[in-house]
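In: Fold the following.
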Amino acid sequence: MELQITATAPEHPAALLDLPWGVPLEEWPDEFLVALPRGISRHVVRFARAGDEVVAVKEVGEWAAVREYGLLRDLDRMAIPAVDPVAVVTGRTGADGEPLEPVLITRHLNGSLPYRSMFETTMRPGTVSRLLDALAVLLVRLHLTGFAWGDCSLSNTLFRRDAGAYAAYLVDAETGQIQPKLTRGQREYDIEVARVNISGELMDLEAGGSLHPSVDPVLFGQAIADRYEELWHELTRESVYPVGKRHYIDRRIRRLNDLGFDVAEMQIQKSPDGDAVTFLPKVVDAGHHQRQLLRLTGMDAEENQARSLLNDLETWMASQDDYAPGDPLGARPEVLAHRWVRDVFRPTVRAVPQELRASLDTAQVFHELLEHRWFLSERAQHDVGLDAAIEDYVRAAAERSAADSGADPAPGTDPAPGADGPAPAADSGALTGP
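Out: Next up, the predicted model:
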């Protein structure tokens, strides 16, 4: 059988052909290898240079290599944090003519480390907790897309530092499967596997003297299960709010944003007597909202602006009599979006004096007004409405202009236009509350 390379891009095979495929991976000469930290694996894994890229090469059976390659490509299309698949190489033969195992090739994740390398210097309990938080977030993301991992562990994950936290990436999808939606039993199986694997890995570190004395492997293994349940509940729970407490919906969305999730759309239903709304968010990764806003309204905004505008649009649509998702007789979302632009967005922006919005684009002006409205509503504990928000926004801007000091507002004062926005509510980002 001839050597065959199946790759994701045309330039990869040319660079990969120079690697010594006729030599078992364990025996590859140093000239082809790159010295990088490696985690524990049941397979032989090496890092090599292919052209300008560093790749991870793993020897594995052909069926498993092709299957994992396909799964990683699916995860990449769904924007799930995982290593990028590069190629599968089959038809390898040694110098003696004997067949060699196929390999799966993935792109090295720059700046990432396996967990054992991170424990070379004893990590404090708080740092270990942040590491497990990142893994819990990854597991939730996978489950939301219908991916059952089957072997969640620290060993099958890479970590990158992300400011004061960590980001986790799936590195081994060999046991995974993708389904339209996971059952509770499938999710619980993954959680139990994660709990047992992580406790065992921490015990192994403890035996080697690499674990902080105050870290209990069993308790920390359970901690990831608890963190997962908190995240899953916050992301999927249905909430019922009084009609006059519209800012509660904004608060819930902000909590989801603080957890690293964006809201793709909202299912909002009013009660028959009109005194309550039921709210169920559908979450996605960042990057969704610019395209959605452009499609619905034709407005091209930055991602955070688009997120803010779409949240207001979704909430406004739910208040319209002809809003009937799934009903062919109801108004199309594009029609409602056009009406929102005409009746809400444009009049709101024009209500702000020209001199106050001269240096800002219209999406930013509307976003700041929504921020101001939320801040005032949180303080008043009821929805103050856009008219009151505009009036207070303009007043604060006028006072700022009159002062003309150039200094930052004193702590505790109302935010002014162009500032970073209002101070968050005391419970912003918490996993409790409405």
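In: how about low-confidence regions in the stretch 201-350 of the chain?
Out: For the stretch 201-350 of the chain, the stretches with pLDDT under 70 are 243-244, 246, 257-288, 303, 325-328.
In: which residue ranges form the helices in this protein?
Out: Taking DSSP state H as the criterion, the chain carries its helices at 11-16, 62-77, 115-118, 125-144, 184-207, 217-236, 246-258, 289-297, 303-317, 333-340, 346-350, 354-357, 362-380, 385-403.
In: Same list (those) but as TSV, adding distance to residue 177 and mean neighbour count.
Out: To be clear about C-beta, it is placed using only N, CA and C from the backbone, and glycine gets the same treatment. Supplementary listing: the helices of the chain in TSV, determined by distance: least, Cβ to Cβ, whole Å; neighbours: other Cβ atoms under 10 Å:
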stretch	distance to residue 177	mean neighbour count
helix 11-16	26	17
helix 62-77	8	17
helix 115-118	24	19
helix 125-144	11	21
helix 184-207	9	17
helix 217-236	19	17
helix 246-258	27	20
helix 289-297	29	18
helix 303-317	32	21
helix 333-340	33	17
helix 346-350	48	15
helix 354-357	52	14
helix 362-380	41	21
helix 385-403	47	16
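In: closest to residue 157 out of those helices?
Out: For the helices of the chain, proximity to residue 157 was assessed by Cβ to Cβ; helix 125-144 is nearest, at 5.9 Å.
In: sorry, back to before: of the helices of the chain, which is nearest residue 176?
Out: Taking these one by one with Cβ to Cβ, helix 62-77 is closest: 5.4 Å.
In: what's the model's confidence in that closest one, averaged?
Out: Mean pLDDT, taken over the full extent of helix 62-77, equals 92.
In: contact partners of that helix?
Out: The set of residues that contact helix 62-77 without belonging to it, under Cβ atoms under 8 Å, 6 or more residues apart in numbering, is 6, 8, 58, 60, 82-85, 87-88, 90, 102-104, 106, 145, 147, 170, 172-174, 176-178.
In: at 7 Å instead, please
Out: With contact meaning Cβ atoms under 7 Å, 6 or more residues apart in numbering, helix 62-77 is reached by 82-85, 88, 90, 102-104, 106, 147, 170, 173-174, 176, 178.
In: picking up where we left off before, now the helices of the chain in JSON lines, with distance to residue 155?
Out: Rendered in JSON lines, the data for the helices of the chain read as follows (distance: least, Cβ to Cβ, whole Å):
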{"stretch": "helix 11-16", "distance to residue 155": "26"}
{"stretch": "helix 62-77", "distance to residue 155": "16"}
{"stretch": "helix 115-118", "distance to residue 155": "7"}
{"stretch": "helix 125-144", "distance to residue 155": "11"}
{"stretch": "helix 184-207", "distance to residue 155": "6"}
{"stretch": "helix 217-236", "distance to residue 155": "14"}
{"stretch": "helix 246-258", "distance to residue 155": "29"}
{"stretch": "helix 289-297", "distance to residue 155": "35"}
{"stretch": "helix 303-317", "distance to residue 155": "34"}
{"stretch": "helix 333-340", "distance to residue 155": "45"}
{"stretch": "helix 346-350", "distance to residue 155": "53"}
{"stretch": "helix 354-357", "distance to residue 155": "54"}
{"stretch": "helix 362-380", "distance to residue 155": "43"}
{"stretch": "helix 385-403", "distance to residue 155": "51"}
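In: Tell me which of the contacts of helix 62-77 fall in strands.
Out: Secondary structure assignment by DSSP state E places 85, 88, 90, 103-104, 106, 147, 170, 178 of these in strands.
In: so how far is residue 96 from residue 56?
Out: Residue 56 sits at a distance of 27 Å from residue 96 (criterion: Cβ to Cβ, to the nearest Å).
In: So which of the two has more stuff around it?
Out: The residue with the greater number of neighbours, taking residue 56 and residue 96 and applying other Cβ atoms under 10 Å, is residue 56; the counts read 23 against 6.
In: give me the beta-bridge partners of the more buried one?
Out: Assessed by DSSP bridges, residue 56 has beta-bridge partners residue 47, residue 106.
In: can you offset everything so residue one is 430?
Out: Got it, first residue is 430 now, which makes that one residue 485.
In: any idea how far it is from residue 533?
Out: The value you get for residue 485 to residue 533, if Cβ to Cβ is used, is 9 Å.
In: now swap in residue 610 and tell me
Out: To residue 533, residue 610 is 28 Å away according to Cβ to Cβ.
In: Now do the contacts for residue 518.
Out: Residues in contact with residue 518 (Cβ under 7 Å, 6+ apart) are 434, 450, 531-532, 534.
In: mind redoing it with 8 Å?
Out: By Cβ under 8 Å, 6+ apart, the contact list for residue 518 reads 432-435, 445, 450, 531-532, 534.
In: a markdown table for the residues you listed, including pLDDT and distance to residue 807?
Out: Compiled in a markdown table, the contacts of residue 518 are given as follows (pLDDT from 0 to 100; distance: Cβ to Cβ, whole Å):
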| residue | pLDDT | distance to residue 807 |
| --- | --- | --- |
| 432 | 85 | 64 |
| 433 | 88 | 61 |
| 434 | 86 | 57 |
| 435 | 85 | 54 |
| 445 | 85 | 56 |
| 450 | 92 | 62 |
| 531 | 93 | 58 |
| 532 | 94 | 56 |
| 534 | 94 | 51 |
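In: Please dump these into a markdown table; it should also carry distance to residue 753 for every row.
Out: Supplementary listing: these in a markdown table, determined by distance: Cβ to Cβ, whole Å:
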| residue | distance to residue 753 |
| --- | --- |
| 432 | 58 |
| 433 | 53 |
| 434 | 52 |
| 435 | 47 |
| 445 | 54 |
| 450 | 60 |
| 531 | 53 |
| 532 | 54 |
| 534 | 50 |
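In: Which among these count as buried?
Out: Of all the contacts of residue 518 considered here, the ones buried according to neighbour count by 16 or more other Cβ atoms under 10 Å are 434-435, 445, 450, 531-532, 534.
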